[in-house]
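[1] Can you look at this prediction? I've put the sequence above it.
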Amino acid sequence: MLLLTRPECGLCEEFEAGLAALARECPLPPVHKVDVDSDPVLRRRYGLDIPVLLWGGAVVCRHRLDRDELLRLLRAR
């Protein structure tokens with residue numbers, strides 16, 4: 001999974017905390033955190049929509065962690 005964030009982003013910090021809490025409850029695939037501003041293509045596409053969690057290139061959730069959706073996807077894999 002790919003987590004698009006940026007420094008000093010309160011929503012990003014909340015999202016990461018939610019992922020960490022979920023990871024304590026069930027195994028998650030590796031999450032790679034990327035600063036959206038480090039890549040012009042990502043910045044153009046997602047710049048104001050962060051945080052964004054991508055899995056296999058598809059958006060799982062943005063702005064807030066959708067635990068139910070992520071758990072549904074984990075069960076389906």
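    Arrived safely, thanks for sending.
[2] which secondary structure elements does the lengthiest helix in the chain contact?
    If you go by DSSP state H, the chain has its longest helix at helix 10-25. Helix 10-25 is packed against strand 2-5, helix 67-76, with contacts defined by 3 or more CB pairs under 8 Å, 6 or more residues apart in numbering; DSSP states H and E. Every C-beta, even on glycine, is put in place using the N, C-alpha and C of the backbone.
[3] Format those as CSV; extra columns: mean pLDDT and mean neighbour count.
    Output for the helices and strands packed on helix 10-25, formatted as CSV (pLDDT from 0 to 100; neighbours: other CB atoms under 10 Å):
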stretch, mean pLDDT, mean neighbour count
strand 2-5, 98, 21
helix 67-76, 92, 12
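[4] Of all these, which one comes closest to residue 20?
    Comparing the helices and strands packed on helix 10-25 against residue 20 with CB to CB, the closest turns out to be strand 2-5 (11.2 Å).
[5] next one: the closest one to chain centre, how far?
    Mean C-alpha position of strand 2-5 versus that of the full chain (CA atoms, centre = their mean, to the nearest Å) differs by 5 Å.
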